[in-house]
Structures are given as C-alpha cells and as structure tokens.
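Chemist: using only what follows, build the 3D model:
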Amino acid sequence: MTTIAQIRPLAPGLHFVATPIGTARDITLRALDVLASADVIACEDTRNTRHLMELHGVKMGARRLLPYHDHNGAAMRPKLLALIADGKSVAYASDAGTPLVADPGFALARDVLAGGFLVTGAPGPSAVTAALMIAGLPTDRFMFAGFLPSTKGARQKTLAELGSIPATLVFFESAKRLLPTLREICATLGEDREIAVCRELTKKFEEVRRGPAADVLEHYIAVPPKGEVVLLIDRNRSEPTAEDMNAALSTALADMSVKDAAKRVADDLGLARRDVYQAALAMAKK
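Modeler: Next up is the predicted model:
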C-alpha cells in the first residue's frame, strides 16, 4: 500500500497529526503531507509512526523521529520548544487517533502556545466520533469523559455524577475492566439504561453491541470481550420529577434570565416550556 505525499513548506510551529485507530488507509492526505514535510517528527510510539509512514511511502530521510509520551514529556518539551524557536516545523503524531484526546499532547500544546508559537492540526480519525457514528445513540449532544477510574468506588461515583447529564456519555475502557464497569452501570444507572459497546473500531473484528445494560452485560459474561473498547451510555430517559425540574431551575436561574432558564430546563428534561416557565416565574419571585 503506497500513497504519494506532497512535500510542502510548513510554517515553524507545532503541527498535530491525527493517525488511524485501526485501518491504515483512514489516514488523511493532509496528514501524509505534514509527515512528509515536517522538519522534525515527534510521536508517542516511534515504531508505530515509522511503520505507518513506510506503509504510505513517506520517507524519513535524514530527519529525526523523536519519542514524546507521558514518561518523558517533561524532559522532551523544552527540546521541542527549542527546535520551534529555531524556526523548525515539528509534527506530533499520536499513537492512534486524534492528538490531545486521552493523549499526552495537551501539555506540549499548552507550552508551545505559551511561548507564542504556532499550533495547528491535521484533523482525522478519532475513536470518539467513530463510535458515535455507529452506536445508534443520540449525537445531538455528547460528552467525552476519557477513561473511567480503575477502582470500583471511584467508578461508581463518576457514573453517579455523570449519569444525569442530558447527553450521550462516551468513555474509553479496557476489555479486562469492561465487565465490572457494566455491572456498576447496572447498579448505579439501572439495568434498563441503554448503552453501546464498540470494540475494535475500523479493524477486522469490529463489533457494536447495543441494548439495555443488563443485556449487554449478559452477552459479555458469555463471550469475554477483547481488544480496544469505546463505551457509550444514553442519557436518562426516565420521566423527570417535579424535584428534578426545580433543582434544574434553581441552578439555571443563578446566572440566566427566567425565559432562558425555562427554555434550557424544558429542553434538557423534555418538559413543556409553558409549564417550566410558570414554575420559573414562581421560583424567581421567591
């Protein structure tokens, strides 16, 4: 598999490059151009990035391929900033997916921006958007919450805190922790909460398992999961109570007008705007 990348001058600065999460052909033409043109290439895993470039016919030549990851970031950032200050273009490629999404690139971007230098990116593959496309859950509003905590108590607390957010929740999860996480979703958010487990996205054994949390848990008890996992949880579809409405209005009225607060709460909870507006008026008078 070869693709001819164009070598074009790049402005000095930091150029983020999104890389495939599975299928190598998901890389963008612009990403290949950046990898072909950058003076220096930094990446999470030099072996993976070198292999990706070889697959697409992007030659390293005499350029440097520098490792940048969580373990060496503090030592590498000053070196990369010095290269940019010297007028070099530095490309940063994540191991898989979009840089800064559960990725060590954030600290690098922050320091480069603080130095007054250019930060730009070649967008492309992301496990978050790939999962949202095929999960069958609402995409009008979603929240990416990274990895769930590794301990049971912390996971339950996080699920309880985020479970009431009126949006599709998106998490990264490991296959070995998926079963305990699904059990805690059942216990904390309810066995009927709609979820989707997306495994091995864009790869040969891609799978999406959708349905009530209890049904999905039952499946993976019988068929232990493998591979990379993106877990999505639907918003709470149970009927909101008067207490739910009043609590939401109290929060919204703290920094919004009566009209705007009523509209926000009505939309978030799926209630009639007229009824919520009347409640908001009464609350504001008190």
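
Chemist: could you use CA atoms for every contact and neighbour count after this?
Modeler: Noted.

Chemist: burial count for residue 277?
Modeler: Neighbour count of residue 277, defined by other Cα atoms under 10 Å: 20.

Chemist: ok, and the closest non-adjacent residue to it?
Modeler: residue 262 (5.0 Å; Cα to Cα, 6 or more residues apart in numbering).

Chemist: elements contacting the helix or strand hosting the one you found?
Modeler: Using DSSP states H and E, residue 262 sits within helix 258-269. Helices and strands touching helix 258-269, by 3 or more Cα pairs under 8 Å, 6 or more residues apart in numbering; DSSP states H and E, are helix 242-252, helix 273-285.

Chemist: any chance of TSV for those, columns mean pLDDT?
Modeler: Supplementary listing: the helices and strands packed on helix 258-269 in TSV, determined by pLDDT from 0 to 100:
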stretch	mean pLDDT
helix 242-252	88
helix 273-285	90
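
Chemist: nearest to residue 194, out of those helices?
Modeler: Comparing the helices and strands packed on helix 258-269 by their distance to residue 194 (Cα to Cα), the top pick is helix 242-252, with 20.5 Å.

Chemist: what comes into contact with the closest one?
Modeler: 261, 262, 264, 265, 269, 276, 279, 280, 283 (Cα atoms under 8 Å, 6 or more residues apart in numbering).

Chemist: widest-spaced pair of those?
Modeler: Top of the distance list for the contacts of helix 242-252 (Cα to Cα): 269 and 283, 17.5 Å.

Chemist: who has more neighbours out of these two?
Modeler: Relative neighbour count places residue 269 above the other of residue 269 and residue 283, with 19 against 14, counting by other Cα under 10 Å.

Chemist: quick check, the more buried one in contact with residue 240.
Modeler: Yes. Using Cα atoms under 8 Å, residue 269 is in contact with residue 240, at 6.5 Å.
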